[in-house]
Structure formats: C-alpha cells, structure tokens
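> What would the 3D arrangement of this be:
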Amino acid sequence: MVLSWEDTLDLFRSVPMTFLLSFLMVAAVSSGAEAAYEFDVFRMYQYELHGHSFGCHGSLVNMEARTSSAAQLHRRCVVTRLRDLSAKSFDNLINRGAGSILVILPESLATSSISQSWNMLEQHLLEKHLTVPVYFAKETPELLRLHEDIVQKAESEQEATMAENLLGIFSSQGYQMVANTGESKPIKDATIPTLVGKLAGRGDEQQLPTLAIVAHYDAHSVSPHLAFGGDTNGSGVIALLELARLFSRLYADEKTKANFNLLFVLSGGGRYDYQGTRNWLDSIADSEENPLANVHYVLCLDSIGNGDGLSLHVSKPPKEGTPPHAVVASLQEVASGMGLNFTMVHKKINLAEDTSAWEHERFSMKRIPAATLSWYPSSTAAKHRHSAYDQRSNVDSEVVTRNIHFLAEGIAHYIFSLSSKALGSGFSVFNRSVNLHSSLVSSLLDHFSSMPRSQQLLSRDSSVVSTLEQLLSRSCSVTRHITRPDKRDPDFIFYDATKAKMIAYSIKPGIFDLVLAFAVALYLLAIFGLVQMFPAITSHLTRFVPKTKVA
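Sure, this is the predicted structure:
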C-alpha cells in the first residue's frame, strides 16, 4: 500500500508537535552521567553547647569537583589530599568561596610525616564555625585515581591553548560529587549515660568514708567517626575497669575489705564541658543516699597512656592534716618507691572560660575535694589531646599497666593505712605478675580504640556503653544515670548526618550540555519548519507529477 501526499501530511499532523519536540530534546541532550565511584565520607563535627554553635553546619553536596588551585571555586567541591592542606590554605579555600571541601586522609594518621601538620590543621578546625560542608574520606586506590584525574584535568586546562580548550568542551570529562544525605538536624532524645559502680566497705556503708575514681569514656576529634580516643580517654577507662577488678577481689573477702566505700564512675560528655558529671552531681546533691556525702577524695583519670611520669592537677592544694592531703601523700610515697616522676600542678578554676579544663573542676565547684591525674603537665598542653591522631598505636600499654599498678598501690596504701617506710619499699599489695597483666590491658585498649566514641554516636543503647556496663558489673554493682538536655533551654544539642555515602558521577562539562542543547534546538527548529511548510512543498511538487487519466 502506497500513501498519497495527502495521507502523509495527515500522518504528521496527527502527532502532537509538543510531544515530539520534548521527546527528541530529552533523548538528545541527556548526557548519560554514570557513577564512577561510591565511598564513605565523614562530616565535620556539629553541636551546640551553652547556646553557642560549633563545627560545620552544612551537609548538602551536589557540586562539580575542582582542585584547590582552580580559578573558580564558587559552587564547586574542592577535592584535596591531607598532605596538600594546611590551616592557612584551608582558610584560603573558604575565603575564595568554595562550595564544599572533601579531604582525603591517609590510611594511618599516626605516621610521623604528617602527624604534625594534621595536628595543627585539626586544632585549627576545632575552633571553627562553618556553613560550608566539610567531609573526610579514607584513602583508597580508587579515590586516589579519582583525585589524580581531577588534578590532571585542571593542569591540562591551564596549559592548553584556546583551540584546545574549545575542543576540550566536547572531549574532556569531569566529576559531579553528590552526598546522599539531607540537611543535618538535631538528634531527638539525645542522652549522655553515666555508669556508677560501687564496692561497699566493711561496716555500715552509709557511715563509711568514700574514695571515688572517675573517667569519661567519650572521645572527640574533627569528625565524630574519627574519634577513637586511644589515650584520651581509652587509657583512663581501662585503668578504672582494672582498678575495679583488682579491688573487687579484695572486697570479695570480708577479711580483706577496707573500711572504705569505693566508687567507680564512667561519665559521658567529657568534651561537652563534662555534662554527664555535671548532671549526675546535680542529681545527687539533695539525695538522702548521696554516695559522695562522706567522700575523702575524687581521682579523675584523663590520658595516662604515655610519658615518663604523672601530674596531679588540682584546683586547690590540699591542706595538711586533711584526708585529701593524706591521699596525695600516699600516692607520692608509692610513686617514690616505684621511681615514678609524680608532681602536683595547681591551677585555679577560670570561671570566665566557657568550658572546664579538667573534669575535677566539676567536683571542685561543688566543694568536693578532687584532682585529675594525667601525663600532660598542663591544661594548655592537654588542649591537643582531642584528636583523630589519638589512636591505639599512640598508646603504650606498658605505661598504662605501670600507671594502673601505681594507682592500685596508692589507693590501697591509703584505705588500709599502709606505709612503705614501715613495710619496706618492696612491699606490694597487688603482685603485678599475678593480678595485673599487660596483655589484658593491651587487649582492652585494642577493643575500645577500634570504635569511634564521640558522644553524638553513643546513645543509651549503644554497644560501647553496654559493653562498659557489662565489664564494670563483673566487679561491682552498677547503676545508670541518664543526662537529657532541657527541652526549653538545652545545655547541649547534637546533630545527625555524621556519615554519608558520596558518589562521584562522571560527566561532561556544563558548557557541553549548553552547546549540545543549542545544536539540537536548531535541528528540531529545522524539522518543525519543514513540517509546517510541508503542504506548500507538496503542492509545489504535485505540479510536476503527471495526472492520471481515469478511463
């Protein structure tokens, strides 16, 4: 069957031109972007404390990738390696209007070649308040190839001639970085659990004096998922658990019980002005069963996994003849017998500061005698203890074991009223070769340093808190105290979107789509004009077609 000119024209008219143009335009302009690589990224920390905002408040990323040396960074995602970034260059990227920043971290931050530069950059970022999304990603071969492609494309554009740049519009490829996360939002029902373990002494425990050991279990760094806290405060937590285990053996027998209650407190929110300790102290202040009603001393443990000695940080030196002075004297006596460098550092509480320098300051504000034991000689030096660099490889398990032994002996000497001078310098309550094993300490450090412990990630049902409660409950009775922010005027607010999947799509430059769209538009306009003029053309052509005579 052969269609006549009239039938052909009716066929074209029967197809809506709007639909035809739309279909052809979409089919022609679609560039077919494909996912080149998908990887995990960790967002910079974000929280609010005492009404002040900290960290990075941006989370959305859907931008074309660029290097830090690119001329145009507005609405672009800067992809850079850690070794190419410094505090000064980071500020330069922000000032130049970078839309987002992705930092590629090496496999290990503990290498000496980058540890110093990373520490300086991280401490700089910990003081920042940004609206630009900042993400971190672990180095992989695929991610390094992606970065190399971006660098090579930038270098070729800088060295190319005008003609080569025009040709590159059609031949070159780029990457669109997309993070599959929404806007960050406050975490609903955020909590800070605090675990309180108790070993009751011999006699009426309500009348007995108390000695308390405290350590915060959370860690902090530039990103919640990079906060492993090997030394701060993994070492303090392991020491507390071991002390509870050692003294539980003594307290298991009435004959070796001391006339002292021992309290073991694993607090949360250390980086957030010790919110767990603060709230717990407020809750027991007016309680009839206040476990600190007759406390002689509170020893806070913070970063005891390095160094040749220990510093006892106090807000007020203990007066001679008082229980706090006797506790310190016992520690000094044991340290001298072990050949351990032990010093007391006095620093008054600075009420003008937004946060407390040490955890014992929270107790001192309540007029509870307390001190913090740390290998850091000052609070200024300890400012760098919150870092992603603080990993298991930077903690000496032998030093932690030595310090646990020192603390166990010092506490035992005080609660049992022992004297090394009378018993001899070689006397030991705990035989280190039998009761305290460095291999056990090392295994516990390995376990707790393998999990990120930022408080934002540790809800009341987190595996970290549950494991700590289980381990502590093996040695003593444990109760939980939950800290929640006030709904009207919260002291702290945590935010989600701490981790995301980022996808790098392989795409043509944006100008390529514009040129292609313009070319397709011209082509479709010509088709449209041809269809509109089809009747006139067919009418003109029919003049040359011989007429068929009807018989």
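> mind listing the strands for the stretch 401-550 of the chain?
In the stretch 401-550 of the chain, the strands defined using DSSP state E, counting those that start in this stretch lie at 477-483, 492-494, 499-507.
> want to try a markdown table for those, with mean neighbour count and mean pLDDT as columns?
From N, CA and C alone the C-beta is placed, and that goes for glycine too. As requested, the strands of the stretch 401-550 of the chain are arranged in a markdown table below (neighbours: other Cβ atoms under 10 Å; pLDDT from 0 to 100):
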| stretch | mean neighbour count | mean pLDDT |
| --- | --- | --- |
| strand 477-483 | 15 | 96 |
| strand 492-494 | 20 | 96 |
| strand 499-507 | 18 | 93 |
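> mind putting those in a markdown table, distance to L208 included?
Converted to a markdown table, these look like this (distance: least, Cβ to Cβ, whole Å):
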| stretch | distance to L208 |
| --- | --- |
| strand 477-483 | 15 |
| strand 492-494 | 35 |
| strand 499-507 | 47 |
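> for the ones you listed, which one sits closest to T380?
strand 492-494 (24.6 Å; Cβ to Cβ).
> tell me what that closest one is packed against?
strand 46-49 (3 or more Cβ pairs under 8 Å, 6 or more residues apart in numbering; DSSP states H and E).
> which residue is nearest the middle of the chain?
P224 (1.5 Å; Cα atoms, centre = their mean).
> Now it: closest residue in space, sequence neighbours ignored.
Leaving aside its sequence neighbours, P224 sits nearest to S454 (Cβ to Cβ, 6 or more residues apart in numbering; 3.5 Å).
> Make sure the one you found is actually in contact with A219.
Yes: S454 is within contact range of A219, at 6.3 Å (criterion: Cβ atoms under 8 Å).
> Counting neighbours, go ahead and name the busier of those two.
When neighbours are counted by other Cβ atoms under 10 Å, S454 and A219 differ, and A219 comes out ahead with 32 against 22.
> And stretch 486-500, end to end?
End-to-end distance for stretch 486-500, by Cα to Cα, to the nearest Å: 29 Å.
> Low-confidence regions, the stretch 251-400 of the chain specifically.
Scanning the stretch 251-400 of the chain for pLDDT under 70 picks out no residues.
> Helices of the stretch 301-450 of the chain, start to end?
323-338, 360-364, 397-415, 420-423, 432-435, 438-448 (DSSP state H, counting those that start in this stretch).
> Nearest to L444, out of the strands of the stretch 401-550 of the chain?
Using Cβ to Cβ, these put strand 477-483 closest to L444, at 17.3 Å.
> Please identify the buried residues of stretch 300-312?
Across stretch 300-312, burial judged by 16 or more other Cβ atoms under 10 Å covers 300-307, 310-312.
> what's the span of that stretch, first residue to last?
End-to-end for stretch 300-312, by Cα to Cα: 9 Å.
> And stretch 194-204, by the same measure?
One end of stretch 194-204 sits 26 Å from the other (Cα to Cα).
> which other residues reach that stretch?
208, 244, 247-248, 251, 254, 257-268, 276-277, 279-280, 291, 465, 468-469, 472-473, 475-483 (Cβ atoms under 8 Å, 6 or more residues apart in numbering).
> what about 6 Å?
Identification of contacts with stretch 194-204 by Cβ atoms under 6 Å, 6 or more residues apart in numbering yields 208, 244, 247, 251, 257-268, 276, 280, 469, 472, 476-479, 481.
> Just the buried ones from these?
244, 247, 251, 257-258, 260-268, 276, 280, 469, 472, 476, 478, 481.
> list the contacts for R66?
Taking Cβ under 6 Å, 6+ apart, one finds 76, 78 in contact with R66.
> tell me the phi and psi of it?
Dihedral pair for R66: phi -140, psi 160, per degrees, to the nearest 10.
> ok, now how distant is it from Y251?
Per Cβ to Cβ, to the nearest Å, R66 is found 63 Å from Y251.
> before we move on, what about A504?
In this view, A504 and Y251 are 58 Å apart by Cβ to Cβ.
> next one: A293
20 Å.
> ditto for V441
For V441, the distance to Y251 - Cβ to Cβ - is 21 Å.
> likewise S100?
Counting by Cβ to Cβ, the gap from S100 to Y251 is 56 Å.
> again, but for K188
For K188, the distance to Y251 - Cβ to Cβ - is 41 Å.
> Could you pull up the contacting residues of I404?
Contacts of I404 (Cβ under 6 Å, 6+ apart): 239, 242.
> And it, how close does it get to V78?
Separation of I404 from V78 (Cβ to Cβ) stands at 46 Å.
> now swap in S59 and tell me
For S59, the distance to V78 - Cβ to Cβ - is 16 Å.
> which of those two has more neighbours?
Set S59 next to V78 and count neighbours by other Cβ under 10 Å: V78 wins out with 27 against 23.
> And what about the more buried one, helix, strand or coil?
Three-state assignment for V78 (DSSP: H, G, I helix; E, B strand; the rest coil): strand.
> Tell me the bridge partners for it.
Judged by DSSP bridges, the bridge partners of V78 are R66, I101.
> So it sits against S68, correct?
Yes: V78 is in contact with S68 according to Cβ atoms under 6 Å; the separation is 5.4 Å.
> which stretches of the stretch 51-200 of the chain form strands?
With strands called from DSSP E, counting those that start in this stretch, the stretch 51-200 of the chain shows them at 52-56, 62-66, 76-81, 100-105, 129-130, 134-138, 174-179, 192-199.
> So in that sheet, which strands flank the fifth one, and in what orientation?
In the sheet, strand 129-130 lines up against strand 52-56 (parallel) (DSSP bridges).
> who touches L208 in this structure?
If you count contacts by Cβ under 6 Å, 6+ apart, L208 has them with 201, 259, 261.
> Pipe those into a markdown table and attach distance to N394 and secondary structure per row.
Listed next are the contacts of L208 as a markdown table, based on distance: Cβ to Cβ, whole Å; DSSP: H, G, I helix; E, B strand; the rest coil:
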| residue | distance to N394 | secondary structure |
| --- | --- | --- |
| G201 | 37 | coil |
| N259 | 40 | coil |
| N261 | 35 | strand |
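> before we move on, the earlier item: just checking, which of the helices of the stretch 301-450 of the chain sits deepest inside the structure?
Highest mean neighbour count of the helices of the stretch 301-450 of the chain: helix 360-364, a mean of 25 (counted as mean count of other Cβ atoms under 10 Å).
> For that helix, give me every contacting residue.
274, 277-278, 298, 300, 315, 349, 370-372.
> Same check on stretch 105-123?
Residues outside stretch 105-123 that contact it (Cβ under 6 Å, 6+ apart): 82, 87, 136, 138-139, 222, 387-389, 391, 393-394.
> before we move on, back to that, which residues touch the residue nearest to the centre of the chain?
Per Cβ under 6 Å, 6+ apart, neighbours of P224: 45, 454, 456-457, 498.
> closest to G236 among these?
Of all the contacts of P224, S454 has the smallest distance to G236: 16.4 Å, by Cβ to Cβ.
> Neighbours of E254, how many?
E254 has 7 neighbours, counted by other Cβ under 10 Å.
> A200 versus that one, what's the distance?
11 Å.
> ditto for R271
32 Å.
> Might you list the low-confidence residue ranges for the stretch 51-200 of the chain?
Ranges of the stretch 51-200 of the chain meeting pLDDT under 70: 110-113, 157-172.
> Show me where it has its helices.
Using DSSP H, counting those that start in this stretch, helices in the stretch 51-200 of the chain cover 87-95, 112-125, 141-159, 162-171.
> will you turn those into JSON lines that also has distance to N180 and mean neighbour count?
Formatted as JSON lines, these follow (distance: least, Cβ to Cβ, whole Å; neighbours: other Cβ atoms under 10 Å):
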{"stretch": "helix 87-95", "distance to N180": "23", "mean neighbour count": "14"}
{"stretch": "helix 112-125", "distance to N180": "24", "mean neighbour count": "15"}
{"stretch": "helix 141-159", "distance to N180": "17", "mean neighbour count": "15"}
{"stretch": "helix 162-171", "distance to N180": "29", "mean neighbour count": "12"}
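> what's in contact with stretch 74-86?
In contact with stretch 74-86 (Cβ under 6 Å, 6+ apart) are residues 61, 63-66, 68, 93, 97-105, 147, 150, 177.
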